[in-house]
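Peer 1: Output the structure for:
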Amino acid sequence: MTKTIDLLHGKIMRSLCILAVPIVMTYFIQMAYNFIDMIWIGRLGSGAVAGVGVAGMFTWFSNGLVMMAKMGGQVKIGHCLGAGDDDDARRYLGAALQLGIVFALFFGIGINILAHSLIGFFHLSSPAVIHDAVLYLRITCGLVIFTFMNQIFTSSFNVYGDSRTPFIMNTCGLVSNVIADPLLIFGIGPFPALGVAGAAVATVFAQMFVFILFIFAIRKRHPLYRGLKLTEPRPFQYYTQIIRIGLPLSLQDMLFSCCSMLIA
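Peer 2: Coordinates of the predicted model:
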């Protein structure tokens with residue numbers, strides 16, 4: 001059984017503080033992935049750093065896209081849990097996960113089709129930098145589904161009062177990324193030297209590792225996921241309510257990333 005914080009009874013300030021600290025630390029950990037990549041890629045030269053930096057802006061843009069399903073679902077799940085309607089909370093959770101999968105598939109396919117055009121927007125002059133940027137973009141954003149699912153898993157655990165589990169999962173992912181980066185970038189031991197592609201593969205591997213950890217946690221009879229059928233369609237209003245709530249936050253985040261692209 002998942003250990004959760006009771007947000008409906010007891011002293012609210014104490015409960016909020018206990019819940020919030022792991023959430024804040026989890027956000028820092030998620031931000032650290034790109035920093036870790038940059039630290040190791042910096043040893044490959046300024047061209048590799050430029051390529052990864054440009055491609056990373058689209059990763060930021062993707063975070064705005066998943067925000068729609070993540071935050072919209074989190075708010076509606078919270079409403080249902082507060083009202084004591086666990087069944088409806090599961091329906092909103094299923095709808096949020098389904099939206100996340102759809103967004104990830106469309107975004108990943110679109111990125112791979114338009115990769116050269118998207119990188120071309122920055123008018124980079126070096127063919128090597130363009131090649132690195134396209135390669136990193138296609139790997140990290142093409143397989144963004146693990147990142148999307150992890151973010152929705154994290155929000156669902158948080159809203160249920162369990163912020164400790166997502167923190168542990170994401171910390172494990174960051175540690176695996178720190179270990180995998182030098183192995184795949186520079187080709188240590190039996191691993192081939194993949195350069196920028198190695199950093200992208202390490203990031204995807206770390207997110208996949210976190211995804212697997214979440215699946216194990218869910219299978220241990222997490223109450224919110226009990227009886228959840230992901231393939232079961234939900235009534236149309238569940239999707240529209242999630243999008244209606246999450247859309248403003250999603251547009252705001254994507255607008256910031258677009259402004260950064262224009263400045264770059």
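Peer 1: Share the number of residues neighbouring Ile95, please.
Peer 2: Just to correct that, residue 95 is Ala rather than Ile. Counted with other C-beta atoms under 10 Å, the neighbours of Ala95 add up to 27. Yep, even glycine has a C-beta here, placed from its N, CA and C like the rest.
Peer 1: correction: Leu16
Peer 2: That count, for Leu16 with other C-beta under 10 Å as the rule, works out to 12.
Peer 1: three-state assignment of it?
Peer 2: At Leu16 the chain is in helix, as set by DSSP: H, G, I helix; E, B strand; the rest coil.
Peer 1: Over to Ile130?
Peer 2: Ile130 ends up helix, using three-state DSSP.
Peer 1: thought it was touching Ala50?
Peer 2: No: shown here, Ile130 and Ala50 do not form a contact pair, counting by C-beta atoms under 8 Å, at 9.7 Å.
Peer 1: In the stretch 51-200 of the chain, where is pLDDT below threshold?
Peer 2: Within the stretch 51-200 of the chain, no stretch has pLDDT under 70.
Peer 1: got the residue ranges for the helices in it?
Peer 2: Secondary structure of the stretch 51-200 of the chain by DSSP state H, counting those that start in this stretch: the helices cover 86-120, 127-142, 145-159, 164-186, 196-219.
Peer 1: What is the first one packed up against?
Peer 2: Of the remaining helices and strands, those touching helix 86-120 by 3 or more C-beta pairs under 8 Å, 6 or more residues apart in numbering; DSSP states H and E are helix 46-82, helix 127-142, helix 145-159, helix 236-263.
Peer 1: ok, back up a step: overlap in contacts of Ile130 and Ala50?
Peer 2: Taking C-beta atoms under 8 Å, 6 or more residues apart in numbering as the contact rule, Ile130 and Ala50 both touch Leu124.
Peer 1: Give me the mean pLDDT for the host helix or strand of Thr26.
Peer 2: Assigned by DSSP states H and E, Thr26 belongs to helix 12-41. Averaging pLDDT along helix 12-41 yields 74.
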